[in-house]
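Engineer: Fold the following and give me the result.
(chains A and B)
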Amino acid sequence: MNNRNNEPDPVARFLREQRREVPDHGFTRRVMHRLPRRREHLTWAVPLAGAACAIGLFVALGGFEAVLAWSEDIARSLLAQDWSNPRLQAVGILMLGLSVVGLCHLSSQEE
Amino acid sequence: MNTLTDLSLIAQVVVSRNRRAFDTLVRRHQSQVRRFFLHQTLGDTALADDLAQETFIRAWLRLGDFRGLSSFGTWLLRIAYNVFYDYLRTRKDTAPLDELPPGGEGICEQPSVGTRIDLYEALRLLRPDERTCLTLFYMEDLTIPRIATVTGMPEGTVKSHLARGKAKLSDYLKQHGYE
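Structural biologist: I've put the predicted structure just below:
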């Protein structure tokens, strides 16, 4: 332990002798019960609602068909090595942008 | 030995609002925070627990602001100090704290060696700022710069409160035959 009982200063000795650990006795449970939850629910609810809306719009506006059409068109241009296809250029720019973001993220993690 | 450090638990709470991680933090630090309030309220256990709960709720809401410049315990004590002084401000028009009878429950009984001197009777002699500085210094083993961080007082003011509080307690202990 320590030499607190040999402490020459009576004030220091008295106060240190009085120090007690306070047993939990359900205190933590009561705190956890009182923690606000609403904000936590909202944090999850907003992106969830956003994602549901986005999926609904994607399906309703023919997103699947558009993706298939684009994929076929891009695949054909790639096979024919036709780089003037604006869709292929758009996908290329998108991939380049995502690569830059990924590299930045990786370098920030290493720091 | 704690398997997870406070910092890793805090990260879990901040990133994913992990309630289990916060539960561990509360369990780990409740004794220090409740003891702080017991000393400031002169042993009123119900009031001390209410204020301690308020402290942990504020910590939960503001954990994202924790920058790790001090330990989590010191950061909690800073919140606890603000909670206590907010409480004092709200009850300014009612009876001063020093007029309240000390609580009489089990953990408030503080027999000392040789002669029976009640801690809260002794602390009652001190002004709130003196009581805060003295208990943080001697009972929580905080350094003067740390006490200054917790209370927001300049270090010189902390030293003055310590000296004045110590002189009052020393006289009280002498009168009660404590050597």
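
Engineer: what about A:A75, which helix or strand?
Structural biologist: For A:A75, the element it lies in under DSSP states H and E is helix A:63-80.

Engineer: how far out from the middle of the chain is that helix?
Structural biologist: 32 Å (C-alpha atoms, centre = their mean, to the nearest Å).

Engineer: Quick one: work out the angle between whichever helix or strand comes after it and helix A:63-80.
Structural biologist: Once helix A:63-80 ends, the next helix or strand along the chain (criterion: DSSP H and E) is helix A:86-110. Here the directions of helix A:86-110 and helix A:63-80 differ by 100 degrees (axes from the mean of the first three to the mean of the last three C-alpha atoms, to 10 degrees).

Engineer: Mind listing what's buried along helix A:86-110?
Structural biologist: A:88, A:91 (16 or more other C-beta atoms under 10 Å in any protein chain shown). For glycine as for every other residue, the C-beta is placed from the backbone atoms N, C-alpha and C.

Engineer: what do you get for stretch B:83-91?
Structural biologist: For stretch B:83-91, by 16+ other C-beta under 10 Å, it's B:83-85, B:87.

Engineer: Next, see if that stretch gets close to chain A.
Structural biologist: No: counting by C-beta under 8 Å from any C-beta of the partner chain, no contacts exist between stretch B:83-91 and chain A, the nearest distance being 13.2 Å.

Engineer: tell me, how many neighbours does the residue of chain A found nearest chain B end up with?
Structural biologist: Using C-beta to the nearest C-beta, the single residue of chain A nearest to chain B is A:L15, 3.9 Å away. Number of residues near A:L15 (other C-beta atoms under 10 Å in any protein chain shown) recorded here: 25.

Engineer: Chain neighbours aside, what residue packs nearest to it?
Structural biologist: Counting by C-beta to C-beta, 6 or more residues apart in numbering or on different chains, A:L15 lies nearest to B:Y138, which is 3.9 Å off, once chain neighbours are set aside.

Engineer: what's the neighbour count on that neighbour?
Structural biologist: Other residues close to B:Y138 by other C-beta under 10 Å number 23.

Engineer: for B:K166, same thing?
Structural biologist: Neighbours of B:K166 under the rule other C-beta under 10 Å: 21.

Engineer: And A:S77, by the same measure?
Structural biologist: A:S77: 18 neighbours (other C-beta under 10 Å).

Engineer: so what's it up against?
Structural biologist: Applying C-beta atoms under 8 Å, 6 or more residues apart in numbering or on different chains to A:S77 gives the contacts A:83, A:85, A:87-88.

Engineer: now do 7 Å
Structural biologist: Applying C-beta atoms under 7 Å, 6 or more residues apart in numbering or on different chains to A:S77 gives the contacts A:85, A:88.

Engineer: for B:K159, same thing?
Structural biologist: B:K159 sits in contact with B:I144, where contact means C-beta under 7 Å, 6+ apart.

Engineer: Over to B:T149?
Structural biologist: So B:T149 contacts B:70, B:74, B:78 (C-beta under 7 Å, 6+ apart).

Engineer: any idea which helix or strand carries it?
Structural biologist: helix B:144-151.

Engineer: Also B:F36?
Structural biologist: Applying DSSP H and E, one finds B:F36 within helix B:19-40.

Engineer: Any part of that helix near chain A?
Structural biologist: Yes: under the criterion of C-beta under 7 Å from any C-beta of the partner chain, chain A is reached by helix B:19-40 at B:19, B:23, B:26-27, B:30-31, B:34-35.

Engineer: Could you tell me which of those count as buried?
Structural biologist: Buried among the residues of helix B:19-40 next to chain A by 16+ other C-beta under 10 Å: B:23, B:26, B:30-31, B:34-35.

Engineer: From those residues, pick the one nearest B:T132.
Structural biologist: B:R35 (12.6 Å; C-beta to C-beta).

Engineer: on that earlier part again, could you tell me how far the residue of chain A closest to chain B is located from B:L77?
Structural biologist: To B:L77, A:L15 is 17 Å away according to C-beta to C-beta, to the nearest Å.

Engineer: tell me which of the buried residues of stretch B:83-91 is nearest to chain A?
Structural biologist: Each of these was checked against chain A using C-beta to the nearest C-beta; the closest is B:V83, at 13.2 Å.

Engineer: And the closest one, which helix or strand is it part of?
Structural biologist: helix B:72-90.

Engineer: which is the next helix or strand following that helix?
Structural biologist: Following helix B:72-90 in sequence, per DSSP H and E, is helix B:119-123.

Engineer: quick one, the next helix-or-strand element following that following helix and helix B:144-151 angle?
Structural biologist: Using DSSP H and E, the helix or strand that follows helix B:119-123 in sequence is helix B:128-138. Put simply, helix B:128-138 runs at 130 degrees to helix B:144-151, going by the same axes, to 10 degrees.
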